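Enquirer: Got a predicted structure here, sequence first:
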Amino acid sequence: ETGVTQTPRHLVMGMTNKKSLKCEQHLGHNAMYWYKQSAKKPLELMFVYNFKEQTENNSVPSRFSPECPNSSHLFLHLHTLQPEDSALYLCASSQEGSGVIYEQYFGPGTRLTVT
Amino acid sequence: AQKITQTQPGMFVQEKEAVTLDCTYDTSDPSYGLFWYKQPSSGEMIFLIYQGSYDQQNATEGRYSLNFQKARKSANLVISASQLGDSAMYFCAIAGNQGGKLIFGQGTELSVKP
């Protein structure tokens, strides 16, 4: 596998379910990100992990719980979601260094539908 | 705070012609980077091109070039010789030098006509 992979690609879940999204990067990067893309809206940054440490939580509701066990893997645990949480969830990774800006590489996304 | 504005919700271009997608930005960071991404209907965000705020020359990458006008705070994407496969959403984004957070614009939907 190369680049950034995400599983599952599609997910339908009820409001009482618990599910997890998985992201894996094969680029040797040290930072990983979760973004949410709702219909007709720009991408919204949710979480940032740098060297496995969470450095950004963009006021995301607690029903979304991220986990970063190492620099290559990132999870998003979902529970008690609402229909308005239906969206495309994109994972990205990049190399991070002090004062240097690097491009982010994205996975194919998980299209989530909450019923 | 950083902000990206893309004023063209949709654009049409004839195959083989050039097209310019507009992007203006606002930032208080002295150092920043500007990015363009392509998002086909499959959903994946594909990195196209990057321009650093201190770069003296406009970035180019194959058929993509970035028309960077720092004083006007604009970073327009120029696609030359459009192809049918260029039909997609295009997003402009900005990042400061503090942790790599990307702020995206609303996007422009480009349709290439045969």
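Expert: Received it, and whenever you're ready, just let me know what you need. These numbers come from a predicted model, not from an experiment. Residues are numbered from 1 along each chain as shown, chains lettered A, B, ... in the order given.
Enquirer: Would you map the strands across chain B?
Expert: With DSSP state E applied, chain B shows strands at B:3-5, B:10-14, B:19-21, B:24-26, B:32-39, B:46-52, B:60-61, B:64-69, B:74-79, B:88-96, B:103-104, B:108-113, listed in chain order.
Enquirer: and of those, who's closest to residue A:36?
Expert: Using Cβ to Cβ as the criterion, the shortest distance between residue A:36 and the strands of chain B is 11.3 Å, found for strand B:103-104. C-beta coordinates here come from the backbone N, C-alpha and C atoms, glycine included.
Enquirer: Sheet-wise, list the partners of the closest one with their directions.
Expert: Neighbouring strands of strand B:103-104 in its sheet, by DSSP bridges, are strand B:88-96 (antiparallel).
Enquirer: got the strands of chain B as TSV, with mean pLDDT and mean neighbour count columns?
Expert: Compiled in TSV, the strands of chain B are given as follows (pLDDT from 0 to 100; neighbours: other Cβ atoms under 10 Å in any protein chain shown):
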stretch	mean pLDDT	mean neighbour count
strand B:3-5	95	16
strand B:10-14	96	13
strand B:19-21	98	19
strand B:24-26	97	17
strand B:32-39	95	23
strand B:46-52	95	18
strand B:60-61	96	12
strand B:64-69	97	18
strand B:74-79	98	22
strand B:88-96	94	23
strand B:103-104	93	21
strand B:108-113	96	17
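Enquirer: what pairs with the residue nearest to the spatial centre of chain B across the strands?
Expert: The structure's chain B has its C-alpha centroid closest to residue B:36; by Cα atoms, centre = their mean the separation is 3.4 Å. Going by DSSP bridges, residue B:36 is paired in beta bridges with residue B:49, residue B:92.
Enquirer: ditto for residue B:21
Expert: Per DSSP bridges, residues listed as beta-bridge partners of residue B:21: residue B:77.
Enquirer: Do I have it right that it meets residue B:8?
Expert: Yes - here residue B:21 lies in contact with residue B:8, judged by Cβ atoms under 8 Å, at a distance of 6.5 Å.
Enquirer: got any residues that touch both of those two?
Expert: Common neighbours of residue B:21 and residue B:8, using Cβ atoms under 8 Å, 6 or more residues apart in numbering or on different chains, are residue B:108.
Enquirer: so how far is the first residue of stretch A:8-22 from its last?
Expert: Distance between the boundary residues of stretch A:8-22 (Cα to Cα, to the nearest Å) amounts to 7 Å.
Enquirer: which other residues reach that stretch?
Expert: A:6-7, A:73-83, A:89, A:91, A:108-115.
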